[in-house]
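>>> what follows is a protein structure lacking sequence information:
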């Protein structure tokens with residue numbers, strides 16, 4: 001997992017190799033209902049919009065999540081780009097970040113798939129939030145994505 005910053009926009013990137021087929025990876029990762037499975041339980045992640053259609057560009061997904069201090073937060077994302085079995089992008093339309101642009105890539109590799117997440121985000125409230133980023137936001141995102149990595153290993157195994 002890597003963090004970087006260009007000015008006030010931060011980037012988190014993460015890669016993981018899983019011993020599953022591209023079809024299995026796509027079916028799991030592109031189904032919004034599976035987000036609950038790979039999100040820490042303490043976050044009380046719940047999807048409040050129901051859409052049983054396959055993922056499509058323009059799809060709106062609404063969540064309630066409790067990221068810190070037990071504070072429930074509404075979060076609305078839009079799936080803005082989808083290329084079947086290659087990548088999709090979700091962007092926050094309403095929620096805790098000033099900017100949230102999350103790219104999910106999957107590609108076939110020997111023995112399975114490589115999955116990559118690239119998130120560009122900006123914290124709200126300017127200077128104050130930039131001070132809080134290294135002590136609250138960055139550690140929380142690290143914790144969430146480490147949990148996701150471990151959960152996917154539990155579900156599917158791991159490639160070295």
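Arrived safely. Owing to the predicted nature of the structure, the values given are computational and were not obtained by experimental measurement. Residues are numbered from 1 along each chain as shown.
>>> please make it C-alpha for all contacts and neighbour counts, starting now.
Will do.
>>> okay, and the most centrally placed residue in the chain sits in which element?
The C-alpha lying nearest the average C-alpha coordinate of the chain belongs to residue 102 (C-alpha atoms, centre = their mean; 6.3 Å). Per DSSP states H and E, residue 102 falls inside strand 99-109.
>>> that strand - what's its average pLDDT?
The pLDDT scores in strand 99-109 average 97.
>>> could you list the buried residues of it?
99-108 (16 or more other C-alpha atoms under 10 Å).
>>> report the contact partners of the residue nearest to the centre of the chain.
89-91, 117-120 (C-alpha atoms under 8 Å, 6 or more residues apart in numbering).
>>> does the nearest residue to it once chain neighbours are set aside lie in a helix or a strand, and which?
Of all residues not flanking residue 102 in the chain, residue 119 sits nearest, at 4.3 Å (C-alpha to C-alpha, 6 or more residues apart in numbering). Using DSSP H and E, residue 119 sits in strand 112-122.
>>> quick check: mean pLDDT of that strand?
96.
>>> quick one: strands adjacent to it?
Sheet partners assigned to strand 112-122 using DSSP bridges are listed as strand 9-18 (antiparallel), strand 99-109 (antiparallel).
>>> tell me which of those sits nearest to residue 155.
strand 9-18 (9.7 Å; C-alpha to C-alpha).
>>> can you pull out the strands in this structure?
2-6, 9-18, 46-47, 60-65, 73-83, 87-94, 99-109, 112-122 (DSSP state E).
>>> for residue 148, find the nearest of those strands.
strand 9-18 (10.2 Å).
>>> buried residues, the closest one. List them.
Here strand 9-18 shows 9-14, 16-18 as buried, counting by 16+ other C-alpha under 10 Å.
>>> cool, and stretch 76-83?
Buried-residue list, stretch 76-83, by 16+ other C-alpha under 10 Å: 76-82.
>>> again, but for stretch 150-160
Here stretch 150-160 shows 151-153, 158 as buried, counting by 16+ other C-alpha under 10 Å.
>>> what's the closest of the residues you listed to residue 30?
residue 152 (13.9 Å).
>>> hang on, isn't the closest one packed against residue 37?
No - contact criterion C-alpha atoms under 8 Å: residue 152 and residue 37 do not qualify, at 9.2 Å.
>>> list the contacts for residue 38?
Going by C-alpha under 8 Å, 6+ apart, residue 38 touches 147-148, 151-152.
>>> can I get those in TSV including pLDDT and distance to residue 113?
As requested, those are exported to TSV (pLDDT from 0 to 100; distance: C-alpha to C-alpha, whole Å):
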residue	pLDDT	distance to residue 113
147	96	19
148	96	16
151	97	16
152	97	12
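>>> that's all I had, so thanks and see you.
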